[in-house]
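Student: From the sequence below, what's the structure:
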Amino acid sequence: MTPTTTNTTTAAATTATLQPLLHDEVAVIAAPTQAWSGRDGAIGANPVHGYWTGDQRFVSAVRVSVEHSAVEPVAVVPAGAREVVFTGLLRGLDGIGADPDVRLDRRRTVRIDGVAERLRVTDRLQGPGASTAELVVTVRLTPDAAGMDAVKAGHGPQPVPADASEQTASWTSGSVRVRLDAPGATVRVEDGDVVLRWRTERAHQVDLAWDCAVETPDAVVTGVTTPRPFDVPAGVQDDRLRRWLERATDDLDALRLARPEGEFIAAGAPWFFTLFGRDAIWAARFLLPVDTSTAGGTLRVLAALQGTADDPATAEQPGKIMHELRQASLPVDNDEISLPPLYYGTVDATALWACLLHDAWRAGLPDAEVEALLPTLERALAWMRDHGDADGDGLLEYVDESGRGLANQGWKDSGDSVQWRDGTLADGPIALCEVQGYAHEAAVHGADLLDAFGRPGGDEWRAWAARLADRFRDAFWVADDIGRYPAIALDARKRPVDSATSNIGHLLGTGLLTPDEEAVVAARVVSPDLASGFGLRTLSTTAAGYWPLSYHGGTVWAHDTAVVITGLVRSGHHDEARVLSEQLLAAAVAFDFRMPELHAGDDASAVTRPAPYPAACRPQAWSAAAAFPVWVALR
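Tutor: Below you'll find the predicted structure:
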């Protein structure tokens with residue numbers, strides 16, 4: 001999931017488009033619907049603002065005005081992932097004295113099929129026996145049809161015409177049909193906006209409301225109304241951890257989506273409100289201590305989309321697990337890259353799928369559900385051998401054959417994520433270190449599953465994994481002034497790319513490393529060059545390319561740190577797991593317990609709270625789910 005930034009020089013900055021910044025904006029979600037606004041509740045100032053369903057925006061601006069008074073914001077209070085209340089004062093309607101007399105509470109509620117807003121004007125001057133005057137409230141909404149890809153690239157609204165009749169309006173945004181109802185209002189279309197106007201007598205309490213309902217006939221994913229299958233663990237004593245778990249659980253519930261085969265968790269708002277293979281797998285895996293049903297749904301959904309053919313345009317290959325599902329093609333980086341609606345450009349999701357199947361089985365996923373997925377497992381393992389290892393050297397590597405897909409296809413998929421210690425970029429095909437760990441674990445645990453269910457092939461996959469471990473040990477280890485560690489990757493010439501990164505922590509608990517090697521890695525991931533005090537940096541401060549706000553070159557990703565915490569626990573390094581868990585908890589406090597996709601890698605010794613990465617998604621599935629590995633580590 002790469003950021004979009006198309007300005008590269010100061011001279012071009014005045015004309016280039018920029019990805020919107022998100023860190024100060026308010027998101028309310030009920031997948032696949034979301035609403036984004038400023039902290040005053042107003043919609044329209046930031047390009048990301050609006051009402052959305054899936055990748056389609058259907059309202060780009062909402063402006064509320066009250067005759068004879070400005071609306072002065074004083075508070076924003078979330079009421080869960082799906083609802084928020086904005087409070088403002090109407091001081092133009094006040095009486096004599098310093099106290100504010102009239103307040104406006106604006107409650108925004110998001111459903112899987114629309115957005116509703118309710119305005120409540122409370123007026124202490126209009127109690128029993130008080131004189132009355134007219135209250136006039138006007139709301140202007142701008143119907144829109146901009147797509148998520150265009151907005152992410154910094155482009156503006158795409159207004160569409162609307163029809164109005166009495167207290168309703170309707171319009172079409174792309175393939176989405178929208179109906180607006182505003183009881184008691186006069187509804188007009190003026191200068192392209194849908195204008196709602198209420199005229200009523202002032203009273204102690206006046207309630208006004210409108211509702212936008214959507215129909216999405218060609219959606220590739222659907223919302224979920226079933227009760228959530230996971231909850232906050234009982235008996236959590238640490239108030240910080242309990243509050244993070246509560247917020248995370250609510251956000252994960254609001255991120256649930258479905259396909260015919262089952263439920264999964266959408267990757268994140270706003271840009272990735274759909275199925276991502278890797279993200280859905282890690283979120284489900286983090287939840288296994290409290291829930292196996294999400295893992296079961298995720299496994300079945302991805303199995304149904306497993307590759308069956310060779311197609312360089314989509315990166316599909318037989319047995320491969322997909323990367324991303326959208327309703328339409330997705331241009332990236334100013335149209336230089338374009339991802340097809342069903343895109344398979346990931347090197348790690350296939351092995352991770354096999355790891356999730358095994359872990360879910362061990363956690364209690366019913367044998368019948370596991371057994372039904374064993375043919376998918378066999379095809380996934382075969383993909384690692386026959387396609388993932390494209391050059392037959394015993395390691396998994398990736399290359400974009402189409403020239404229109406992602407250049408980097410591990411979880412760090414931005415263009416500069418694989419770099420040498422001197423800052424130069426590595427040339428592909430790239431063999432990432434953590435992918436070898438995932439593949440080793442998938443082969444060994446896949447063999448365990450085959451044995452347990454009486455299917456052949458277990459010994460062959462254990463032998464394959466042993467050869468992979470030997471090849472890794474011979475090729476990946478490097479050293480710097482701090483000590484030895486695995487390189488992030490091998491480049492096209494099979495040279496170890498020598499920057500120290502968080503990737504090495506993903507090797508812990510996979511079985512790829514010996515206990516002595518795991519001890520070396522465990523010590524390095526809590527060393528000051530990688531551990532920031534607010535989580536694990538993606539790139540060591542010893543690297544020339546380190547920058548605390550570089551997407552994959554110095555920031556901290558909550559899920560990345562949580563993967564490493566999980567590996568530390570599994571490999572018996574509990575002290576180090578607690579160190580990183582406490583660091584993530586400190587970050588969770590700083591972000592009011594809604595952990596963003598990533599944050600700055602500044603050192604905690606120099607700052608009291610981490611700076612936000614301003615374009616980070618939130619809520620985001622694996623960042624929210626990271627609370628559960630922290631809970632496990634601190635129990």
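
Student: pull the helix or strand with minimum mean pLDDT from the chain.
Tutor: When the helices and strands of the chain are scored by mean pLDDT, DSSP states H and E, strand 330-332 comes last with a mean of 64.

Student: which regions of the stretch 251-400 of the chain sit below the pLDDT cut-off?
Tutor: 330-338 (pLDDT under 70).

Student: how about the strands of the stretch 251-400 of the chain, start to end?
Tutor: 256-259, 262-265, 324-325, 330-332, 337-339, 342-343 (DSSP state E, counting those that start in this stretch).

Student: now, of those strands, which is deepest in the fold?
Tutor: Comparing the strands of the stretch 251-400 of the chain by mean neighbour count (mean count of other Cβ atoms under 10 Å), strand 262-265 comes out on top with a mean of 26. Quick note: C-beta positions are derived from backbone N, CA and C, even for glycine.

Student: Tell me how many other residues crowd Arg467.
Tutor: Counted with other Cβ atoms under 10 Å, the neighbours of Arg467 add up to 12.

Student: Throw the strands of the stretch 251-400 of the chain into CSV and include distance to Ser527, thanks.
Tutor: Listed next are the strands of the stretch 251-400 of the chain as CSV, based on distance: least, Cβ to Cβ, whole Å:
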stretch, distance to Ser527
strand 256-259, 38
strand 262-265, 32
strand 324-325, 34
strand 330-332, 35
strand 337-339, 35
strand 342-343, 37
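
Student: who wins for proximity to Asp218 among those strands?
Tutor: strand 324-325 (13.0 Å; Cβ to Cβ).

Student: quick one: contacts of that closest one?
Tutor: Strand 324-325 has contacts (Cβ atoms under 8 Å, 6 or more residues apart in numbering) with 220-221, 274-277, 305, 330, 339, 341-343, 345.

Student: ok, now stretch 569-581?
Tutor: So stretch 569-581 is contacted by 508-509, 515, 518-519, 522-523, 525-526, 531, 535-536, 561, 564-565, 568, 629-630, 632-634 (Cβ under 8 Å, 6+ apart).

Student: buried subset of the residues you listed?
Tutor: Buried by 16 or more other Cβ atoms under 10 Å: 508-509, 518-519, 522, 525-526, 531, 535-536, 561, 564-565, 568, 629-630, 632-634, out of the contacts of stretch 569-581.

Student: hey, where'd the helices end up in the stretch 51-200 of the chain?
Tutor: Secondary structure of the stretch 51-200 of the chain (DSSP state H, counting those that start in this stretch): helices at 148-152.

Student: What segments of it are strands?
Tutor: Using DSSP E, counting those that start in this stretch, strands in the stretch 51-200 of the chain cover 56-66, 72-78, 83-89, 102-111, 114-123, 134-143, 162-165, 168-173, 176-181, 186-190, 193-201.

Student: Export these as TSV, with columns for mean neighbour count, mean pLDDT and distance to Asp416.
Tutor: Converted to TSV, these look like this (neighbours: other Cβ atoms under 10 Å; pLDDT from 0 to 100; distance: least, Cβ to Cβ, whole Å):
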stretch	mean neighbour count	mean pLDDT	distance to Asp416
strand 56-66	22	98	30
strand 72-78	14	97	35
strand 83-89	20	98	36
strand 102-111	21	98	35
strand 114-123	20	97	37
strand 134-143	20	97	37
strand 162-165	15	96	44
strand 168-173	20	98	35
strand 176-181	20	98	36
strand 186-190	15	97	47
strand 193-201	18	97	42
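
Student: Quick check: which of these is nearest to Thr350?
Tutor: Thr350 sits nearest to strand 56-66 of all the strands of the stretch 51-200 of the chain, at 30.2 Å, using Cβ to Cβ.

Student: And the closest one, what does it pack against?
Tutor: strand 50-53, strand 102-111, strand 114-123, strand 134-143, helix 148-152, strand 168-173, strand 176-181, strand 205-215 (3 or more Cβ pairs under 8 Å, 6 or more residues apart in numbering; DSSP states H and E).

Student: His387 against Ile321, yeah?
Tutor: No: using Cβ atoms under 8 Å, His387 makes no contact with Ile321, being 11.7 Å away.

Student: Give me the more crowded residue out of those two.
Tutor: For His387 versus Ile321, neighbours defined as other Cβ under 10 Å are more numerous around Ile321 (26 against 16).

Student: Show me where the stretch 501-635 of the chain has its helices.
Tutor: All helices of the stretch 501-635 of the chain, identified by DSSP H, counting those that start in this stretch, fall at 515-525, 558-570, 574-590, 621-625, 627-634.

Student: just to revisit the earlier point, in the contacts of strand 324-325, find the pair that's most separated.
Tutor: Counting by Cβ to Cβ, the most remote pair of those is Val221 and Gly345, 19.1 Å apart.

Student: Those two: which is more packed in?
Tutor: Gly345 (26 against 21).

Student: how about that one, phi and psi?
Tutor: With angles defined as degrees, to the nearest 10, Gly345 sits at phi -80, psi 70.

Student: Cross-check the contact I'm expecting between it and Ala407.
Tutor: No: the criterion here is Cβ under 8 Å, and Gly345 misses it with Ala407 at 9.5 Å.

Student: overlap in contacts of these two?
Tutor: Asp400.

Student: Give me the neighbour count for Arg300.
Tutor: Here the count is done by other Cβ under 10 Å, and Arg300 has 19 residues near it.

Student: contacting residues for it?
Tutor: So Arg300 contacts 261-262, 369, 373 (Cβ under 8 Å, 6+ apart).

Student: how's the protein carved up into domains?
Tutor: Annotated domains of the chain cover 26-215, 222-634 [automatic domain parsing].

Student: With adjacent residues omitted, what lies nearest to Met384?
Tutor: Using Cβ to Cβ, 6 or more residues apart in numbering and skipping residues adjacent in sequence, the residue nearest Met384 is Ala439, 5.3 Å away.

Student: any idea how far His506 is from that neighbour?
Tutor: Counting by Cβ to Cβ, to the nearest Å, the gap from Ala439 to His506 is 12 Å.

Student: same question, Thr142
Tutor: 45 Å.

Student: Give me the distance between the residue nearest to Met384 and Ala234.
Tutor: Taking Cβ to Cβ, one finds Ala439 at 37 Å from Ala234.

Student: Look at the two and report which has more neighbours.
Tutor: Ala439 (31 against 5).

Student: buried sites along stretch 461-472?
Tutor: Buried residues in stretch 461-472, counted by 16+ other Cβ under 10 Å: 461, 464-465, 468-469, 471-472.

Student: now those in TSV, with secondary structure?
Tutor: Formatted as TSV, the buried residues of stretch 461-472 follow (DSSP: H, G, I helix; E, B strand; the rest coil):
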residue	secondary structure
Trp461	helix
Trp464	helix
Ala465	helix
Leu468	helix
Ala469	helix
Arg471	helix
Phe472	helix
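
Student: would CSV of those residues with pLDDT be doable?
Tutor: Shown next, in CSV, are these (pLDDT from 0 to 100):
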residue, pLDDT
Trp461, 98
Trp464, 98
Ala465, 98
Leu468, 98
Ala469, 98
Arg471, 97
Phe472, 98
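
Student: How about Arg455, nearest residue that isn't a chain neighbour?
Tutor: Leu374 (6.1 Å).

Student: Actually, Gly54.
Tutor: Closest to Gly54 by Cβ to Cβ, 6+ apart is Pro32, at 4.6 Å.

Student: Give me the helices and strands touching the longest helix belonging to the chain, please.
Tutor: The helix that spans the most residues within the chain, counting by DSSP state H, is helix 433-452. With contacts taken as 3+ Cβ pairs under 8 Å, 6+ apart, helix 433-452 sits against helix 349-363, helix 374-383, helix 458-475.

Student: These: which one's closest to Val435?
Tutor: helix 349-363 (7.0 Å).

Student: Mind giving me the packing neighbours of that closest one?
Tutor: helix 277-286, helix 293-304, helix 367-372, helix 374-383, helix 433-452.

Student: give me the low-pLDDT residue ranges for the stretch 501-635 of the chain?
Tutor: For the stretch 501-635 of the chain, no range has pLDDT under 70.

Student: And the pLDDT for Thr10?
Tutor: pLDDT, Thr10: 40.
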